[in-house]
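*Asks:* Sequence first, predicted model second:
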Amino acid sequence: MWYNLWLERVNAKGGIYVKEYGQRLPVSLIIYNDRGETDTSARMFERLITVDNVSCLWGSYGTFQSFALEPIVNKYKVPCIASNAAPIVLDDPNEYERIYKEKDYFRDKDGHPWYEWEYMLWNEMSYYHQQESLYKDLLKAGVKRVAIAEIETLFGVENRREFTHFVDKYGGMEIVTHKTYPFDIRDFGPIIQDAQSKNVDAFIQYSYPSDAWICTQQMIERGYNPKLFYNALGSAYQEAYTRFGNNNEGICSHGAGFAAKAKLSKGPYGTGADLLKLYKDRYGEVPDFVDGAIAFGTMELLEQAIERAGTLDRQAIYQELLKAKDNPIPTIIGPVGWDRGPWNEKRQGTILQHQNVANTEPGYDIEIVGSANGSVANLPGLVEVDLTTADLIYPKPPWK
Amino acid sequence: MSYVRYVAIVIAFALSASASFLVDPYTLGLLISIVTYVTLVASWNIISGYVGYLFLGAAAFYGLGAYVVPLTSTFVNWYLAIPLAGVICFVVAFVIGIPFLRIRGPYFIIATYAFAALISNVVLYLEHQITGTIGRYITIQGPQEIYFAALLVAFLAVIVASSIKDTKFGLGLLSIKGNEDAAAASGVDTTLYKLFAFGVTALFMGMAGAAVIPRLGYIDNTIAFAAGISFNTLVMGVLGGAGSILGGVASAIILSLLFEIFFSSADPFAYLVALGCLLFVAIFFMPGGLGQLFSRFSVRRSQPKMITPDLGTARTTDLSRETQQQSHVNG
Amino acid sequence: MVDAAGVVNLLFGGLVIGSLYALVSVGLTLLYGAASMSNLAQGEFVMVGGYLAYWLFTAMKVSPLLSLVLVAVAVAGLGAVLYLGIFNRVYARELSTAETQSTTLLLTFAIIMILSNLVALIFTPDYKSYAVLTNVVEFGGVKAMVSRLASPMVAIPVTIVFWLILKKTWFGRGIRCVIEDRDAARVVGVNVTRVYLACFMIGLSMAAVTGVLFSMIFPMTPYFGIEYTMASFVAIILGTVGSVPGALVGGLIIGLAESTLVFYLAPALKIAIIYTILIVVLLVKPSGIFAR
């Protein structure tokens, strides 16, 4: 729905202004449905590239699929923004830190720096910073004992790995229990109970929306109210409001830099607040603050890259993307630019929290309570901006 | 097989192989997909068409075969890994067939679906526990190489599957489908025959998986064991007529193309509903599928027309003639 | 993990899921045991029931408790249409039992394709859910939302009532005769066609009612049906095909196993464990625990 919104907006302007043609060109999106099948996805990409002759691509939804698509994109040298997937080009947080500390670049196995061959650029920042902001918040709040529940997918594994890296390397708290669960889980009873018995301060759930809702519901049922409850994906969705209403108060989740009052959330169509209003007026419900917002941001960034390039030529667009590091592209999820690696290093890792739900219009109650971009490990070259719009409410208020 | 047949096959192979040089990369990708399903359906016909045990677990062997490639990449090159995958799948099928093939009727279809899902889950678990990650990287092979490999496997599968029909082994299988107990009573070693048939099915499915997986460069359990593989194979097999290799090949090609059209739209569900309705109508009115259509036009009536296992009645005259002949022979 | 409150809650969770399985399994045992209908699409009817309840609630503000009845009636009607329009004709072809079974099996396979994609078309494949009856009650150490309580409180009495109908009424006796021996029943004067019709209507509507109960608790996608199909097949085999109390017990056992066993072994292997149980049951005791 977010990309439909963008499509309407951009074509309302007449399209994207391409200097080479001296006018605005209307945009059409060619969308293929791959049903989540990677094989089909790969074939569709090839079709888009070779048959439909697209100028640039917007990547498939799903981290593992982006892995499979990367070789295709690089073979044909078509710039592609992997929007709803985490950049796991680097799975080692220590290696990530080393790249920044030594001012190195992400390289392939022959040593070539990424900007010579990598055409798949990630709109999200590394999960490293996402978990860094969570870690910072927990540290600041004085959390000592943490329970982790992790969904058994790449998303869960990677997030948890980054978080664990911080705890292991920089200390300050202890992960007292860690459970993994299958993604079709129905009963969180034992996991909740386990956390309860271990007397944890924070309950961290690396989740997808569906399991986040089931877990939340069962926590309410059992009256388990940890001092901090974070579920990665699930809380910043319309469904969460429908199901839990005021019980959302205090629940934290993954952020993407988009919120009503977010400082750097500004793109060609307005600020975070503008877009929130636009979306709600158009669709009548609260937008998804993470994946949806990122999708929109990706559209904005591609649009501006084309405008900057002034042409539809793939290489030219790619070069503009590379130049963004000195002239970041503004979007509703913040500015975008790539330097040391094909991940967006201008993005701050952010944590969201529902605050004052009872008295605020849905969507506007979500505040950014944590933000980080390299300060914990002191990584040079990264600019950390404090995006917080409110302080973390800790401990979490009881269920209603 | 007659000399004419041999020549025809060689020519067909040469033509299909050369097609890969003439088409654009996207079409080549499509051809790879079509050829893979031809293999899957042809081998599916052995256990489901000839023996009559409807199989919904193609993904299990396809995935196993696919996983052989990264797991053996350090000591075997890809070209060898393909037949190796076939052999491994044959052995696995033979072994698990011992308990599995004792299950009959609708339970078999459920058990095979469960088996495929189970393997997928176990592989995910093992990967997660042992390697700490979810997927693996594979050395990428170019589409030409993949296409040749997959095409070769497809030809082998189709040749073997259609040849079986004319052998004593094939007759034995058909008699099991006609009436398993009677077949056993008349001296057919039903267990061994079924196991062998299951093994051959698995062999080609595994080779299909191994041949195609290096295209993406990445494997995980959702890619290797995708449920769609099992469902599509069965749908194609049923529409082609279980037991009809020709029908199966035609069905694999047509449906693969249809799927491509479906998914070239943002909203494929309407098409899928239509396909389901088509399937429904076909089963209801023409259970022999495309195979039934073909044999109406063909002169050689030794093509078994059947789709439903345990063919107890004389719904199709051809088969009853054959079983009559069989029981004559066996006394 | 030997905490009493924890165990009780775990058992209750198993009871909730088990009662859902029980209800859908009773429907299936009727279909398969009496009408020779190996309904691979049983789970799809659960899913359809769930989505109907979702739609009734979100679009028409109908309470799910009322939906229980509405959906039951609607799907019973659908069952009648399916039987009279299609399956009756298949039966009329006078094929062997095995061939009937496989034809109906393949037809139900096609139904899976149609129903799941139809729902995906109408509702999109994204997760859908709604919340009702969220007040929490507490008893005996168990804390549960009323919506979860609804599952055992509706499913189990319905199956028991149905079982009583089977045992005590003339109508039920007819069904039982057909389950035992279809041809003999016909000889004795039972209107087999009417029995089959009843089985279709009741069997499918039970699945749909299960779906309504499910939708009150869990988010749904159009493709969740297959797990209920699998679970109900295991349950009816465990409990002996054709036996209603068997299906009830079988369903409860599977639910409890999923909840307790799986968690104490390895939650990540939930599918592997359940399906291994299924395969083992199919291999070891195909006549079920209630076999005569």
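*Replies:* Done, it's in.
*Asks:* need the helices for the stretch 151-292 of chain C, in chain order.
*Replies:* Ranges of helices in the stretch 151-292 of chain C, per DSSP state H, counting those that start in this stretch, are C:170-180, C:182-187, C:192-217, C:225-238, C:244-256, C:262-265, C:270-284.
*Asks:* Would you tell me which of these gets closest to chain B?
*Replies:* Across the helices of the stretch 151-292 of chain C, chain B has its closest neighbour in helix C:270-284 (3.8 Å, CB to the nearest CB). The C-beta positions use only the backbone N, C-alpha and C, and glycine is treated the same way.
*Asks:* before we move on, the earlier item: dump the helices of the stretch 151-292 of chain C to TSV, plus distance to chain B.
*Replies:* Below are those laid out as TSV (distance: least, CB to the nearest CB, whole Å):
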stretch	distance to chain B
helix C:170-180	17
helix C:182-187	15
helix C:192-217	15
helix C:225-238	5
helix C:244-256	13
helix C:262-265	11
helix C:270-284	4
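*Asks:* ok but residue A:24 is inside a strand, no?
*Replies:* Yes: counting by DSSP: H, G, I helix; E, B strand; the rest coil, residue A:24 is found in a strand.
*Asks:* burial measure for the closest residue in space to residue A:193 that isn't next to it in sequence, as a count.
*Replies:* Nearest non-adjacent residue to residue A:193, counting by CB to CB, 6 or more residues apart in numbering or on different chains: residue C:6, 4.4 Å away. A count of nearby residues for residue C:6, using other CB atoms under 10 Å in any protein chain shown, gives 19.
*Asks:* Low-confidence stretches in chain C?
*Replies:* C:1-3, C:96-98, C:263, C:285-292 (pLDDT under 70).
*Asks:* now residue A:277: how far from chain B?
*Replies:* 27 Å (CB to the nearest CB, to the nearest Å).
*Asks:* scratch that, residue A:100
*Replies:* For residue A:100 relative to chain B (CB to the nearest CB), the value is 23 Å.
*Asks:* you'd agree that residue is up against residue A:339?
*Replies:* No: proximity of residue A:100 to residue A:339 does not meet the contact threshold set by CB atoms under 8 Å, at 9.6 Å.
*Asks:* Give the intersection of the neighbour lists for those two.
*Replies:* Shared contacts of residue A:100 and residue A:339, defined by CB atoms under 8 Å, 6 or more residues apart in numbering or on different chains, comprise residue A:381.
*Asks:* Specify the local secondary structure of the residue nearest to residue A:193.
*Replies:* Assigned with three-state DSSP, residue C:6 falls in the helix class.
*Asks:* is it true that residue A:388 touches residue A:372?
*Replies:* No: applying CB under 8 Å as the test, residue A:388 and residue A:372 come out as separate, 10.1 Å apart.
*Asks:* any shared contact partners between the two?
*Replies:* By CB under 8 Å, 6+ apart, residue A:388 and residue A:372 have no common neighbours.
*Asks:* In terms of neighbours, single out the busier of these two.
*Replies:* Neighbour tally, residue A:388 and residue A:372, criterion other CB under 10 Å: the higher count belongs to residue A:372, 26 against 21.
*Asks:* near chain A, which residues of chain B?
*Replies:* Neighbours of chain A within chain B, by CB under 8 Å from any CB of the partner chain: B:24-26, B:29-30, B:33, B:121, B:124, B:128, B:132-135, B:140, B:212, B:215-218, B:220, B:222-223, B:226, B:228, B:260, B:263-268.
*Asks:* Narrow those to those that are buried.
*Replies:* Burial by neighbour count, judged by 16 or more other CB atoms under 10 Å in any protein chain shown, picks out B:25-26, B:29-30, B:33, B:121, B:124, B:128, B:134-135, B:140, B:212, B:215-218, B:220, B:222-223, B:226, B:260, B:263-264, B:268 from the residues of chain B next to chain A.
*Asks:* and those, which of them are in helices?
*Replies:* Among those, DSSP state H puts B:25, B:26, B:29, B:30, B:33, B:121, B:124, B:212, B:222, B:223, B:260, B:263 in helices.
*Asks:* Of the residues you listed, which is the nearest to chain C?
*Replies:* Set against chain C, the nearest of those by CB to the nearest CB is residue B:121 (4.2 Å).
*Asks:* For the closest residue to chain A within the stretch 101-250 of chain C, give me phi and psi.
*Replies:* Scanning the stretch 101-250 of chain C for the residue nearest chain A gives residue C:131, at 4.2 Å (criterion: CB to the nearest CB). Dihedral pair for residue C:131: phi -120, psi 130, per degrees, to the nearest 10.
*Asks:* ok, now which ones touch it?
*Replies:* A:217, A:242, A:243, A:244, C:147.
*Asks:* ok, residue A:98 - how many residues close by?
*Replies:* Residue A:98, neighbours per other CB under 10 Å, totals 13.
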